[in-house]
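Participant: pasted the sequence and its predicted model underneath.
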Amino acid sequence: MFPALGVRFVALADGIDSDGDMDFLPFRSLLNDYYLKDLSKKIRSAVRTNAANGSYIGGQAPYGFIKNPDNPKYLAIDGYASVIVLKIFNLRLQNLSYCKIAAELNNNGILAPRDYYYQRTNKHSTLNEHNVWVAATIRAILHNEAYIGHSVRLKSGTISHKNHRKVIKPKDQWVRRENTHPAIISQELWDAVRSINSEKDHGVDKTKRKVVPFLGLLRCSDCGSKFVHATVNRRTKTGQDVSYRSYTCCLYVHTGRSKCSPHPISEMTLMKIIREDIRKHMPAGEDSLINGTLNKLHDEEEMNAKRKIDGIDARLAGLESSYFKLYDDKLNGVINNEEFQKNVAGIEKKREQKKEERDKLIKKIDGAKLRSAQRKNWHNEIKSFLMLEHPTNETLSALIDKIVIGAAERALGDKRKSVHIYYRFDGNVSD
């Protein structure tokens with residue numbers, strides 16, 4: 001490739017020169033790749049051997065354990081956290097859901113695993129935020145065999161030494177070893193809780209995630225969490241059974257209602273608000289939104305930038321003339337070499353500044369053209385949304401960046417909540 005581009009490539013460490021003999025280069029690359037592959041295979045084998053021997057190969061010990069001070073390859077029980085783990089299993093034995101267990105721990109002021117780790121190790125979180133117990137954390141603890149003294153390792157790994165993407169391995173490739181460290185709970189308690197978990201999780205297919213219209217678009221105004229959806233079935237005052245989809249703050253749901261507030265809003269209400277908001281800004285027809293709100297500054301920005309570029313080009317031409325004049329003055333003895341070099345340095349500095357300004361203006365024009373093309377695409381997305389009776393998540397995601405939902409507040413005897421829509425086109429059209 002380098003000779004074809006007229007470039008000479010030299011690698012001193014490998015003894016490679018593109019002007020010389022490069023016949024051995026493909027073989028060298030092949031040998032290097034083989035070496036990396038062999039090294040990766042040896043490392044994987046060593047890790048699997050350590051896991052099979054019962055050594056703890058993870059970074060941070062599971063909640064309820066610490067690394068054994070005498071031998072960090074094995075786990076020891078953490079006196080405080082182990083009591084919390086035992087409490088979680090006993091609460092589950094009482095048929096409490098994951099969310100209710102999380103609420104119980106949050107209401108009692110028990111630190112979540114991450115915060116407890118930072119407190120125990122005297123480290124500081126780089127995120128500068130406090131964590132709380134959520135249903136997913138409770139579920140992970142109740143399904144972890146480490147609490148009965150067993151180790152299950154290598155559940156995930158990378159595809160190869162070239163592709164570092166992590167994948168979940170099949171169960172037959174996991175490394176399971178029993179009685180590798182002290183147990184926190186008894187086998188009887190584990191079996192009892194496991195039967196409850198199996199009964200409650202029965203029939204739930206977690207691989208079939210239903211994509212609903214507002215999935216990933218809604219945010220809580222108080223905690224910033226995303227919203228989860230649920231189907232609500234209720235009977236009206238007239239005795240009619242109705243069913244609709246509603247969205248609620250994720251943190252409120254997953255902490256067992258112990259944190260934040262629900263911020264509930266129905267899908268029908270959201271669709272109505274968005275349609276009214278778009279039409280409100282398009283009183284003269286749908287084209288007014290594009291021609292008015294979106295294209296207002298495009299032409300002015302481009303014209304101003306082009307005028308500035310013309311001025312910079314004129315200035316650069318003037319600096320070029322100044323350089324040749326200085327050169328003539330030097331040849332004619334009007335100025336000495338020291339004065340010539342000083343003035344040339346000043347001219348070069350000004351030229352570089354003007355070139356930087358010119359490059360920025362060209363990028364600004366290119367950006368304006370790109371935004372203009374994007375606006376035409378957004379125009380099509382808006383028309384597509386208004387034409388559809390039941391817009392999909394794909395259509396809404398192309399039109400909307402996020403929707404921030406506020407908590408309900410009473411005003412003049414009525415309950416009201418703020419809904420701020422952030423569109424993907426320039427600015428925030430929603431008031």
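Facilitator: Structure's in. What do you need?
Participant: and Ala61, how close does it get to Ser151?
Facilitator: 12 Å (Cβ to Cβ, to the nearest Å). For glycine as for every other residue, the C-beta is placed from the backbone atoms N, C-alpha and C.
Participant: what does Thr269 give?
Facilitator: 50 Å.
Participant: what bits of the stretch 151-300 of the chain have low per-residue confidence?
Facilitator: Residues of the stretch 151-300 of the chain meeting the criterion pLDDT under 70: 199-211, 281-300.
Participant: next one: the lengthiest helix in the chain to chain centre, how far?
Facilitator: Determined from DSSP state H, the single longest helix within the chain is helix 337-387. How far helix 337-387 lies from its chain's middle: 30 Å, per Cα atoms, centre = their mean, to the nearest Å.
Participant: okay, Thr269 and Ser151: which has more neighbours?
Facilitator: Ser151 (23 against 15; other Cβ atoms under 10 Å).
Participant: I'd assumed Ala51 was in contact with the more buried one.
Facilitator: Yes. Using Cβ atoms under 8 Å, Ser151 is in contact with Ala51, at 7.3 Å.
Participant: can you map out the helices along the protein?
Facilitator: According to DSSP H, the helices that the chain contains are 25-52, 79-93, 98-107, 113-121, 135-142, 187-201, 250-254, 267-280, 287-288, 298-331, 337-387, 393-399.
Participant: in JSON lines, list the ones you listed along with distance to Phe227.
Facilitator: Formatted as JSON lines, those follow (distance: least, Cβ to Cβ, whole Å):
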{"stretch": "helix 25-52", "distance to Phe227": "40"}
{"stretch": "helix 79-93", "distance to Phe227": "27"}
{"stretch": "helix 98-107", "distance to Phe227": "16"}
{"stretch": "helix 113-121", "distance to Phe227": "23"}
{"stretch": "helix 135-142", "distance to Phe227": "15"}
{"stretch": "helix 187-201", "distance to Phe227": "23"}
{"stretch": "helix 250-254", "distance to Phe227": "6"}
{"stretch": "helix 267-280", "distance to Phe227": "10"}
{"stretch": "helix 287-288", "distance to Phe227": "32"}
{"stretch": "helix 298-331", "distance to Phe227": "35"}
{"stretch": "helix 337-387", "distance to Phe227": "20"}
{"stretch": "helix 393-399", "distance to Phe227": "13"}
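Participant: for Thr236, find the nearest of those.
Facilitator: helix 267-280 (14.1 Å; Cβ to Cβ).
Participant: which strands and helices sit next to the closest one?
Facilitator: Counting by 3 or more Cβ pairs under 8 Å, 6 or more residues apart in numbering; DSSP states H and E, the packing neighbours recorded for helix 267-280 are strand 241-249, helix 337-387, strand 419-423.
Participant: can you pull out the residues in contact with that helix?
Facilitator: Contact with helix 267-280 is made by 212-214, 229, 244-247, 289, 382, 385-386, 391, 400, 403, 419, 421, 429-430, as judged by Cβ atoms under 8 Å, 6 or more residues apart in numbering.
Participant: just the buried ones from these?
Facilitator: 212-214, 229, 246-247, 289, 382, 385, 391, 400, 403, 419, 421, 429-430 (16 or more other Cβ atoms under 10 Å).
Participant: number of nearby residues for the nearest residue to Gly64 once chain neighbours are set aside?
Facilitator: Spatial nearest neighbour of Gly64, excluding adjacent residues (Cβ to Cβ, 6 or more residues apart in numbering): Val85 at 4.0 Å. The tally of other residues near Val85 (other Cβ under 10 Å) stands at 22.
Participant: try the one 5 residues further on
Facilitator: Residue neighbour count, defined by other Cβ under 10 Å, stands at 14 for Asn90.
Participant: report the contact partners of it.
Facilitator: Contacts of Asn90 (Cβ under 8 Å, 6+ apart): Leu189.
Participant: if I look at it, what pLDDT would I see?
Facilitator: Asn90 is assigned 94 on the pLDDT scale.
Participant: quick one: it from Arg315, how far?
Facilitator: 80 Å.
Participant: picking up where we left off before, Lys259: which of the helices and strands packed on helix 267-280 is closest?
Facilitator: strand 241-249 (8.9 Å).
Participant: now do the closest one against helix 267-280, angle only.
Facilitator: Angle, strand 241-249 to helix 267-280, by axes from the mean of the first three to the mean of the last three Cα atoms, to 10 degrees: 70 degrees.
Participant: what's strand 241-249 packed up against?
Facilitator: strand 227-235, strand 265-266, helix 267-280.
Participant: please identify the deepest-packed of these.
Facilitator: Counting by mean count of other Cβ atoms under 10 Å, strand 265-266 has the highest mean neighbour count of the helices and strands packed on strand 241-249, with a mean of 17.
Participant: list the strands paired with it, with their directions.
Facilitator: The pairing partners recorded for strand 265-266 under DSSP bridges are strand 241-249 (antiparallel).
Participant: what is the orientation angle of the strand it pairs with with strand 227-235?
Facilitator: Using the same axes, to 10 degrees: strand 241-249 against strand 227-235 is 160 degrees.
Participant: which other residues reach strand 241-249?
Facilitator: Against strand 241-249 from outside (Cβ under 8 Å, 6+ apart): 212, 214, 218, 220, 222-223, 225, 227-236, 260-268, 270, 405.
Participant: gap between stretch 144-161 and the chain center?
Facilitator: 25 Å.
Participant: picking up where we left off before, rank the helices of the chain by pLDDT, which is bottom?
Facilitator: helix 287-288 (a mean of 50).
Participant: what about the residue nearest to Gly54 when sequence neighbours are not counted, how many residues nearby?
Facilitator: In this structure, Gly54 finds its nearest non-sequential neighbour in Thr180, 3.7 Å apart by Cβ to Cβ, 6+ apart. Using other Cβ under 10 Å, Thr180 has 20 other residues around it.
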